[in-house]
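Participant: below: sequence and its predicted model.
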Amino acid sequence: MFSGALLLVSLLVQAEEMNDTSKVYDLDEIVVVSQPKDGRLLRHQPLSSTVLTQNEMQMLGVKDLSQLSEYVPSFSMPQYGSRLTSSMYIRGIGSRINNPAVGIYYDNIPLMSKSAFNHHFYQVDRIDVLRGPQGTLYGMNTEGGLVHIYSKNPMAYQGTDISMGIGTGLTTHAEIAHFHRPSDKFAFSVAGFWNGQRGFFKNQALDEWNDKLQEAGGKMRFMYQPTSRLTLDLTADYQWTNQNAFPYGLYDYDANSVQDPSTTLMNSYKRQMVNTGLNISYKADNWLLSSTTSWQYLNDHMEMDQDYLPADFMHLTQLQKQQALTQELILRSHGQRKWHWTFGVFGSYQWLRTDAPVTFGPDMNAMTAARILSLMPAAVQSMFTAWEIPDFYVGESFHTPSASLGAFHESTISLTNRLDVTLGLRYEYSQVKIDYDTNGLLSLHYAMPGMGPMPTPIDKTNKLTAVLQSDSKSSFDQLLPKIGVTYRVDDSGSNIYATVSKGYRAGGFNIQMFSEIYQAEFMSKGKSLSQGDVAIEYAEADYDAVDEVISYKPEESWNYEAGAHLNLLEGKLHADFAIYYMNIRNQQLSVMSPENNFGRIMVNAGKSHTMGLELSLRGQAFDNRLDWFFNGSAVNAVFDEYDGYDGKTIPFVPSASFALGANYRFQHVFVGADLTGQGYTQWDEANTFGQKEYVLLGAHVGYDFGCGNVKLWGRNLTDTKYNTFAVESKAAGQPQRFAQRGNPLQLGVDINIHL
């Protein structure tokens, strides 16, 4: 696509390093990256992938992964209202909560917390999106695919980069990064950023912007090469986020209209996180040994008005404090050889404490009191002069540590000059524990006049209490094989391939289910409160039932895929094509809790399948002044066996997507446009409502002044109305639908400078 002249010059300056096959070089992709697991070019491997460079992302106005997903086949990352909710779907595989289905590696460091996926990535040099299961090399929770993010390397890139911009909705961003190499052996970079947004959707009940955002952070990276064989690479990254969140409004599906948000309190999300990592690599003549160690910390605070209404039904507070340690050791071959091999081990341990109290407001209390009273005989109901619930509360605290260990090997053997066979196998073991301390309180105030044999009036407040305190654990293990065949059809690098691979996502526990458990208990025993205080006792059998309710199973899948990577018209046209079929067992689905929709839980569908195709074209014309691309995909994701939903489409997965764009350069002036679109997306398992097909138009025009550029841009220029998320909730008693609208027409200006 949009090849970068400055990056090409940088590549030529580093030409003396071309013999270092521990790095990946692809003149088509321009950017040099370090890859410890596989030194071969992505388009030479038996997989479907997309690569975007910094220049391409600047031209398209991509600032984060959710915007990137608009331009990548089969990749969807909708904006669900906060940095917390970072759901990614590839080929119909994904989830809004708990274990991810798509992994992220940032400068070869795996991001362990799904709550950290949606954050700011500094000075990105290149992003690789790998589609299909990547379990052999990357383990569990990469069942849908993998995203590799690479930042600029201070050993190969020096200077100061400044970028800033402003757009409608007072969307602002600023970043400054300095790269310096004081000696041949040492280099470093320091960077800082600020992002802000007034917002686009005002909360009518609170008269405040519901999607206001402020975030900032800093990053340092140090690289030391005491010898030509040894490299040490240390990174530390701190980020802070404070945002109003979840701008969901009442959704009239038939009229295709969404009201402005209107809630009792402002939904919000605050987060602090630190990601640190040390990469050490030693390069011998024929092999490369790499070690990656990381420590990751996350502390966040979410407030959510769970009914999304100005009436006060329920309010959730969620506080997470998480730490993670990871260690990976990799030994692989490098250089021109007929047998490329990789051996490795990976281990991780995560600590996670979650406090998630649920407070029920006066409107919920009135509704619950009426439901409890309705359980009594009509003659008894008429005797009460007062019947109300002053307090209704569920307190929840959870410790959910988890550990994983994996050992893997992958080999690619050249059977002939044109035919390669790839064989891989990984053994994965994981364990997850839950230690829960929860309690529920419901108080009932009632009054009766004196009458008959009971002449004394009654005016009392009784309490119903329950406490669940216990622990549980589950262990899972899995073998993750991969078999691939690649055949080079010509000397330009064009090839066709076929691959079979297994994907896997670990099981776990639904902490969201405890509010549901207490609600059911209180409804069944609430009428006893007229007799006095009630303390619910739990036996061993009750705890066994709780374990069964809160647990969900691992998800397994087999991916069957064939495709081609073609270089045509003497390298001026690249075409990539893939067709796939995935069989999925125990697919993990994020659904609203069944009784009262107090939150999302994870459940397992018995069987499902996805099948689809992907096509990418990119090329140049008019003496390389015009860069153009087309990316398209179609997917059919269907339940085969799941609670009466057999044959229904799996929700949250667009049935198709496409992106078409071009950029033309007139000496210093450049101009471009792009179209992106998504097919129909179902919002529920029953397929009763969904988002219709829509297309978005973007355009830009800019001036390149040598050491930088200035660009005017526009997104959603037709002001298309569409929703990024919708849900049906019964939190207020009757089913109601809510949706988050996509951003309206936006205009802005960006400035990028390199000194």
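Facilitator: Structure received. Numbers count the residues shown, from 1 in each chain.

Participant: which residues does G563 form beta bridges with?
Facilitator: Y497, A578 (DSSP bridges).

Participant: measure it to I483 for me?
Facilitator: Using Cβ to Cβ, to the nearest Å, one gets 15 Å for the distance from G563 to I483. All C-beta spots, glycine's among them, are computed from the backbone N, C-alpha and C.

Participant: which one's more surrounded, these two?
Facilitator: Using other Cβ atoms under 10 Å as the criterion, G563 and I483 rank with G563 on top: 23 against 16.

Participant: just the pLDDT at that one, thanks.
Facilitator: Per-residue pLDDT puts G563 at 96.

Participant: for G196, give me its contacts.
Facilitator: Going by Cβ atoms under 8 Å, 6 or more residues apart in numbering, G196 touches L170, T171, T172, H173, L213, Q214, E215.

Participant: make that F629, sorry
Facilitator: By Cβ under 8 Å, 6+ apart, F629 lies in contact with M1, Y71, S616, L617, R618, G619, A659, L660, G661, A662.

Participant: what's D107 sitting at in phi/psi?
Facilitator: phi 50, psi 50 (degrees, to the nearest 10).

Participant: how close does it sit to L375?
Facilitator: From D107 over to L375 (counting by Cβ to Cβ), the distance is 59 Å.

Participant: those two: who's more crowded?
Facilitator: Neighbour comparison, D107 and L375: the larger count goes to D107, with 22 against 12 (by other Cβ under 10 Å).

Participant: surely that one meets S151?
Facilitator: Yes: assessed by Cβ atoms under 8 Å, D107 is found in contact with S151 at 5.8 Å.

Participant: what do those two both touch?
Facilitator: Shared contacts of D107 and S151, counting by Cβ under 8 Å, 6+ apart, come down to R221.

Participant: so how far is W341 from L288?
Facilitator: Between L288 and W341 the distance is 11 Å, computed by Cβ to Cβ.

Participant: then P481?
Facilitator: Per Cβ to Cβ, P481 is found 16 Å from W341.

Participant: follow-up on the earlier one: more neighbours, L288 and W341?
Facilitator: When neighbours are counted by other Cβ under 10 Å, L288 comes out ahead of the other of L288 and W341, with 25 against 15.

Participant: surely that one meets N279?
Facilitator: No: L288 lies out of contact with N279 (Cβ under 8 Å); the separation is 11.9 Å.

Participant: hey, what's in contact with both of the two?
Facilitator: With Cβ under 8 Å, 6+ apart, L288 and N279 have common neighbours P36.

Participant: quick one: low-confidence parts of the chain?
Facilitator: Confidence mapping of the chain against pLDDT under 70 gives the ranges 1-33, 451-454, 590-602.

Participant: flag every buried residue along the helix or strand containing N631.
Facilitator: For N631, the enclosing helix or strand under DSSP states H and E is strand 626-641. Neighbour counts over strand 626-641 (16 or more other Cβ atoms under 10 Å) mark 627-640 as buried.

Participant: report the next helix or strand after that strand in sequence order.
Facilitator: In the C-terminal direction, the helix or strand that comes right after strand 626-641 (DSSP H and E) is strand 656-666.

Participant: which helices and strands sit right next to that next one?
Facilitator: Using 3 or more Cβ pairs under 8 Å, 6 or more residues apart in numbering; DSSP states H and E, the elements in contact with strand 656-666 are strand 626-641, strand 669-678.

Participant: let's have the ones you listed in JSON lines, adding distance to L405.
Facilitator: Listed next are the helices and strands packed on strand 656-666 as JSON lines, based on distance: least, Cβ to Cβ, whole Å:
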{"stretch": "strand 626-641", "distance to L405": "31"}
{"stretch": "strand 669-678", "distance to L405": "39"}
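
Participant: so which of those gets nearest F509?
Facilitator: Closest of those to F509 is strand 626-641, at 23.5 Å (criterion: Cβ to Cβ).

Participant: so what angle separates the directions of the closest one and strand 656-666?
Facilitator: If you take axes from the mean of the first three to the mean of the last three Cα atoms, to 10 degrees, strand 626-641 sits at 170 degrees to strand 656-666.

Participant: partners of M164 in the sheet?
Facilitator: A174, I751.

Participant: wait, it sits on T171?
Facilitator: No: applying Cβ under 8 Å, one finds M164 not in contact with T171, separated by 11.8 Å.

Participant: between these two, which has more neighbouring residues?
Facilitator: More crowded of M164 and T171, by other Cβ under 10 Å: T171, with 19 against 15.

Participant: from A699, how far out is that one?
Facilitator: 17 Å.
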